Structure formats: structure tokens, C-alpha cells
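Visitor: here's a sequence, model it:
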Amino acid sequence: MSRRIFTPQVHNHHARYIDVSQLLNFILTKCTAPFTFQFKEHFYTSPNRSDFPSGLPSWSTLPDDPSPRQLRDRIWYSSPHPYLPFILKSPFHGNLLRRLSVPFERLEVIYDTHRWHLPYQVAKDWKALEKTLELASKNLLSFFHQNHPNAKLSFSPPECPSKYGYFSTHDSESAARSALSSSLDAFAVYLGYFSFLVAICQFGIDPRSSTPSWHKRLARNDSCVHPEWLKLLSDSPVVNFDRERVGVVVDVARCDWIHLATYMMKASIPLWFYWGKIPYYVTPLESWISAHYDPDYEKIIKVVPLNAGKFPPVESGSCYALIA
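Guide: Below you'll find the predicted structure:
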């Protein structure tokens with residue numbers, strides 16, 4: 001008779017037992033992730049990161065109408081927003097984004113006709129960038145759908161930055177500056193959205209092409225993206241996947257867009273898979289995750305919780321057996 005052990009997990013009001021031989025077979029036949037973390041008694045793995053967001057907050061959903069700052073700061077997955085992991089940690093660099101690179105506290109606002117606003121030319125420059133990003137994003141989304149008509153790609157595109165007031169006038173200087181702050185956050189989010197679309201096209205459509213497929217699509221005459229704008233986009237950090245991104249913590253059993261994680265890995269997006277307290281009971285929505293990125297219980301890195309937003313070195317060398 002096989003030896004069985006008791007585990008405190010309860011299903012339908014009945015204690016569950018695990019057959020030891022089945023459990024050992026499960027462990028020995030699975031590939032494991034290169035990095036396994038334990039944080040607040042929960043397990044995480046990563047295909048590409050040896051560090052861990054040790055300020056990770058508890059899971060919570062975003063509000064129905066999240067602010068650009070809430071979207072920009074998000075590290076947990078959000079089902080309607082698969083593009084948030086692509087947000088650049090330092091987004092406003094290069095010739096394309098110099099329009100946005102002035103430190104916020106140094107942004108000029110002017111007062112005339114009893115209202116506060118950005119200088120006209122600055123607002124016009126921001127609007128031209130926004131329109132280009134919007135047009136290019138619509139092109140790439142359509143391009144991906146044409147090549148992958150059966151792909152599950154359901155999400156909420158971000159709002160255009162002008163919704164948050166940079167192109168409007170305001171009653172007070174503080175109101176104008178608040179609108180500019182939200183608008184800059186919205187630009188960071190929209191740039192992440194464009195970067196996401198670039199990635200799924202680049203790695204999902206003719207990935208071996210010397211010229212990325214997204215670039216060829218936007219270079220067509222019917223894309224309506226001016227060649228000068230395309231050159232600026234091509235030279236920007238937005239399409240450079242060596243630049244550091246926010247990344248994401250993904251629940252392997254609940255995230256609706258987890259099938260897109262393959263594109264994120266190819267784009268070097270920081271990725272952590274969440275397995276809960278007892279990974280043995282977790283069935284990922286994508287079988288390849290279980291096949292290749294299960295926790296490695298012999299090489300667990302124990303992470304000490306720190307303040308939110310910090311990414312310090314983790315405490316390594318702590319090994320745990322699955323069964324005490």
C-alpha cells in the first residue's frame with residue numbers, strides 16, 4: 001500500500017490526502033523554473049528574473065476607472081490591461097519623447113484670459129505625439145488581428161493622454177499642474193500600450209525577419225504614419241526591449257491573458273508567476289507554464305518583505321522541502 005500523508009488543505013469539507021509516490025513522481029517529472037521565491041508563505045517563480053519585488057502588496061483589483069498613476073504603478077496583473085508590464089521605468093528619453101522629458105516641477109504653465117494652461121506650442125507638440133501613437137497603435141492592433149484572427153486578445157485600450165487635461169485650460173495653476181501630472185502618467189501608460197503591440201507583432205508575425213514586422217507595417221503608404229515619425233519611433237526606447245520595464249506578477253491559474261506571457265518573455269519583460277501557498281494544487285491556465293516553470297523546492301530564495309516599490313537583493317540559500 002502506498003504511503004499517504006495528511007495535508008491541511010480542505011476541499012468540500014473533507015481533508016485531502018496526498019499519495020507520496022504520486023507526489024514524488026510529480027516533482028521528478030516536471031521541469032522547474034530557474035528562479036523560485038517564497039514571499040510571505042506564498043510561492044513564485046520567474047523565467048527571467050533573479051530578483052523579486054519585495055515590496056509587493058497584497059493582491060487587489062483596480063477600480064472600474066483607474067487613474068493613470070494607478071495603472072503606471074501596477075505590478076500585479078490586471079486582466080483588462082496586458083500592456084502595463086511594458087511600461088518603461090524611465091519612459092521619457094530620446095528625440096521622440098523629448099517633448100515630455102522636462103522635469104514636472106519645471107514645466108511652464110501660463111496664465112491668460114483668466115485661465116491656466118501649457119504654452120500653445122508645447123501643447124501642440126504633445127498632441128502631435130499623442131495622435132501619432134494612437135494612429136500607429138490602431139494600425140498594429142489591426143495588423144495582429146489580421147495575422148492571428150483566432151487569437152484571444154481582449155483588453156481595454158488606455159485613454160488618450162489629452163483626456164486628462166494637458167490640452168485644456170484650467171481655473172488655477174494648481175489645477176493645471178495636476179492635469180499635467182496625470183497627463184504625463186497617461187503618456188507613460190500609452191507608450192507601454194504601443195510597446196506591447198510592437199512586441200506581439202515583432203515576435204508573433206514573421207519573427208525571423210531582419211526588419212521587424214511592425215516596422216514594415218507602419219512603413220506602408222496606407223498606414224498614414226509619416227516616415228519622420230516612424231524614424232523617431234524606431235529610434236526610441238519604447239521599441240527597445242533591452243530597456244528596463246515595470247514587469248508583472250501573474251497568477252498562473254487566474255490571469256485571462258497569460259497566453260501572452262510567451263511574447264513578454266521574448267521581449268525580456270520582468271515576469272513572476274504566482275503559485276499560491278501550495279503549488280501542488282494549482283493548475284495553470286497554460287500547460288507550458290506547469291511543464292517548464294514549476295517551483296524548484298530545492299532552490300528556494302526566501303524574500304524578506306520590505307517597503308513597497310523597493311527591489312533590494314533577496315536573501316538566498318534557504319531551502320524548503322515540500323513536505324515537512
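Visitor: so what's the residue nearest the centre of the chain up against?
Guide: Central residue of the chain (Cα atoms, centre = their mean): Pro85, 1.1 Å from the mean position. By Cβ atoms under 8 Å, 6 or more residues apart in numbering, the contact set of Pro85 is 192, 196, 245-248, 264, 269-271. C-beta: built from backbone N, CA, C; applies to glycine.
Visitor: helix, strand, or coil at it?
Guide: Here Pro85 is recorded as helix under DSSP: H, G, I helix; E, B strand; the rest coil.
Visitor: so where's this protein uncertain?
Guide: Scanning the chain for pLDDT under 70 picks out 1-30, 307-324.
Visitor: if we can go back for a sec, so of the contacts of Pro85, which ones are in strands?
Guide: 248, 271 (DSSP state E).
Visitor: count of neighbours near Thr262?
Guide: Residues lying near Thr262 (other Cβ atoms under 10 Å) number 16.
Visitor: return the distance of the strand or helix carrying it from the chain's centre.
Guide: Taking DSSP states H and E as the criterion, Thr262 maps to helix 261-266. Here the centre of helix 261-266 is set off from its chain's centre by 11 Å, with Cα atoms, centre = their mean, to the nearest Å.
Visitor: just stretch 74-84 next, same as before
Guide: For stretch 74-84, the separation from the chain centroid amounts to 6 Å (computed by Cα atoms, centre = their mean).
Visitor: list the buried residues of it.
Guide: Residues of stretch 74-84 classed as buried by neighbour count (16 or more other Cβ atoms under 10 Å): 74-79, 81-84.
Visitor: max-length helix in this protein?
Guide: For the chain, the helix that runs over the most residues, judged by DSSP state H, is helix 173-204.
Visitor: what is the helix or strand following that one packed up against?
Guide: Downstream of helix 173-204, the next assigned helix or strand under DSSP H and E is helix 213-219. In terms of contacts (3 or more Cβ pairs under 8 Å, 6 or more residues apart in numbering; DSSP states H and E), helix 213-219 is packed against helix 120-147, helix 173-204, helix 227-234.
Visitor: distance check, the residue nearest to the centre of the chain against Arg208.
Guide: From Pro85 over to Arg208 the distance is 24 Å, taken as Cβ to Cβ, to the nearest Å.
Visitor: can you give the contact residues for stretch 153-169?
Guide: By Cβ under 8 Å, 6+ apart, stretch 153-169 touches 68, 71, 80-83, 113, 115-118, 123, 126-127, 130, 134, 137, 144-145, 176, 178-180, 182-187, 189-190, 193, 200, 256-257, 260.
Visitor: also stretch 89-109?
Guide: With Cβ under 8 Å, 6+ apart, stretch 89-109 has contacts from 116-119, 122, 125-126, 129, 173, 176-177, 180-181, 184, 187-188, 191-192, 232-233, 235-238, 243-246.
Visitor: you'd agree Tyr44 is in a helix?
Guide: No. Tyr44 is assigned strand when assessed by three-state DSSP, not a helix.
Visitor: list the contacts for it?
Guide: With Cβ under 8 Å, 6+ apart, Tyr44 has these contacts: 36-38, 52, 249, 272-275.
Visitor: mind running it again at 10 Å?
Guide: Residues counted as contacts of Tyr44 (Cβ atoms under 10 Å, 6 or more residues apart in numbering) are 33, 35-38, 52-53, 56, 249-250, 252, 272-276, 279, 295, 301, 303.
Visitor: that one and Leu271: what is the separation?
Guide: For Tyr44, the distance to Leu271 equals 10 Å [Cβ to Cβ].
Visitor: gap between the two ends of stretch 299-306?
Guide: In stretch 299-306, first residue to last residue: 22 Å (Cα to Cα, to the nearest Å).
Visitor: which phi and psi does the nearest residue to His259 once chain neighbours are set aside have?
Guide: Closest residue to His259 apart from its sequence neighbours, by Cβ to Cβ, 6 or more residues apart in numbering: Glu286 at 5.7 Å. Main-chain torsions, Glu286, degrees, to the nearest 10: phi -120, psi 120.
Visitor: just checking, Glu286 touches Asp256?
Guide: No. Between Glu286 and Asp256 there is no contact under Cβ atoms under 10 Å: 11.4 Å.
Visitor: anything in contact with each of those two?
Guide: Common contact partners of Glu286 and Asp256 (Cβ under 10 Å, 6+ apart): none.
Visitor: that older thread, between Tyr44 and Leu271, which contacts overlap?
Guide: 249-250.
Visitor: and Asp256, what does it touch?
Guide: 77-80, 82, 152, 154-155, 285.
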